[in-house]
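*Asks:* Build me a model:
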Amino acid sequence: MELKTIGLTKKFGSKTAVNDLNITLSNGVYGLLGANGAGKTTFMRLLCNIQNPTFGKVLLNGKNIVGLGEQYRNLLGYLPQNFGYYPDFTALDFLLYVATLKGLNERTARKKSKDFLEAVALSAESNHKIKTFSGGMKQRLGIAQAMLNDPRILILDEPTAGLDPKERVRFRNLISAFSKDRIVILSTHIVSDVEFIAEEIVMMKSGQIVHFGKPQEITSEINGQVWECLVPTAYAEKYAATYNTSNLRNTDNNQTILRIIADRPPMENAVRVQPNLEDLYLFYFKGETEE
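*Replies:* Down below sits the predicted model:
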């Protein structure tokens, strides 16, 4: 399966949210990274055919998704940042309702609903009303509804928002198991989640793709620009505010190790280290916030 964009552009008045994107996606897991206003959500909505492009097109196996209509939507699973639900529905009733909208027959709908409630660890709450759920539980329910129709293209906008570390591990395992022979695109503000799960990274800035490739490949841009420095813990916050710091960790003897992105050694004791995806993110988006 191949999903391809050609000159994909979306304008809102004088603002260009997505600018002339040309990208080809095949089966696999793609992590979408970018700060506030980068165009991630608009890009995902264009791929879902929820919004129409101003210019350009999206092709599935060479055919325009606009012309495919229902045939394309049947292949699609989507979790928006804030998915709609009925608070007085139970979790099971909500999934059965969504399954009906997606055209599943009653027997399949019930089986899939129960299977995915178990997959997202909500079986025990299946008969509880959604309005009683925590934010993390609602998010897990949203992930379940996106996967109900066994989609060949799964698009998840901030799927790990509100999930605790244990729930994020469960989510990563679920996506890894689900992603065979599918296109999975996920956006998350937790860079480590993308680094663990994504085979390819799509990094967006100002509506354009600034990097596209495997995590270990795209970080090569900042080879030689990531350093670790040992400083007294009492001064750690001051140094962290001064330098572009991606991480810090305390050690014994009131010392702190700062991980700093800089084109030259920031301190005399600086040791050059291998860059990771979070370092690259900070390199591009220091001071910017997530969408």
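*Asks:* Check the most far-flung residue of the chain relative to its centre and give its pLDDT.
*Replies:* Within the chain, Asn253 marks the point farthest from the mean C-alpha position, 38.5 Å out by C-alpha atoms, centre = their mean. Asn253 is assigned a pLDDT of 81 by the prediction.
*Asks:* who's the residue nearest the centre of the chain bridged to?
*Replies:* The centroid of the chain falls nearest to Ser187 when counting by C-alpha atoms, centre = their mean (1.7 Å). Ser187 has these beta-bridge partners by DSSP bridges: Leu32, Asp157.
*Asks:* CA-only coordinates of the helix or strand of the chain with the lowest mean pLDDT in PDB, if you can.
*Replies:* Ranking every helix and strand in the chain by mean pLDDT, DSSP states H and E puts helix 191-197 at the bottom, with a mean of 81. Output of helix 191-197 as PDB, limited to C-alpha atoms (Å, rounded to 0.1, in the frame of the first residue of the first chain):
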ATOM      1  CA  VAL A 191       9.600  12.400  21.700                       C
ATOM      2  CA  SER A 192      10.700   9.200  23.400                       C
ATOM      3  CA  ASP A 193       7.500   7.400  22.400                       C
ATOM      4  CA  VAL A 194       8.200   8.200  18.700                       C
ATOM      5  CA  GLU A 195      11.800   7.100  19.000                       C
ATOM      6  CA  PHE A 196      10.800   3.800  20.500                       C
ATOM      7  CA  ILE A 197       7.900   3.000  18.100                       C
END
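*Asks:* List the buried residues in that helix.
*Replies:* Burial within helix 191-197, assessed by neighbour count using 16 or more other C-beta atoms under 10 Å, is assigned to Val191, Asp193, Val194, Glu195, Phe196, Ile197. Bear in mind the C-beta positions are built from the backbone N, C-alpha and C, glycine included.
*Asks:* I'd guessed the second one sits against Asn173; true?
*Replies:* No - the pair Asp193 and Asn173 fails to qualify as a contact (C-beta atoms under 8 Å) at a distance of 11.8 Å.
*Asks:* what's the pLDDT at Val66?
*Replies:* At Val66, the model reports a pLDDT of 92.
*Asks:* And the helices in the stretch 51-200 of the chain, which stretches?
*Replies:* Along the stretch 51-200 of the chain, counting by DSSP state H, counting those that start in this stretch, helices occupy 65-68, 70-73, 91-101, 106-119, 135-147, 165-178, 191-197.
*Asks:* Pull out the buried residues from the fourth one.
*Replies:* Judged by neighbour count using 16+ other C-beta under 10 Å, the buried positions of helix 106-119 are Ala109, Lys112, Ser113, Phe116, Leu117, Ala119.
*Asks:* Now stretch 212-229: buried residues?
*Replies:* By 16+ other C-beta under 10 Å, the buried positions in stretch 212-229 come out as Phe212, Pro215, Ile218, Thr219, Ile222, Gln225, Val226, Trp227, Glu228, Cys229.
*Asks:* export the helices of the stretch 51-200 of the chain to JSON lines and tack on distance to Thr41?
*Replies:* JSON lines is the format used below for these (distance: least, C-beta to C-beta, whole Å):
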{"stretch": "helix 65-68", "distance to Thr41": "18"}
{"stretch": "helix 70-73", "distance to Thr41": "19"}
{"stretch": "helix 91-101", "distance to Thr41": "21"}
{"stretch": "helix 106-119", "distance to Thr41": "24"}
{"stretch": "helix 135-147", "distance to Thr41": "15"}
{"stretch": "helix 165-178", "distance to Thr41": "19"}
{"stretch": "helix 191-197", "distance to Thr41": "16"}
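*Asks:* Looking at the ones you listed, which is nearest to Thr42?
*Replies:* Across the helices of the stretch 51-200 of the chain, Thr42 has its closest neighbour in helix 65-68 (15.6 Å, C-beta to C-beta).
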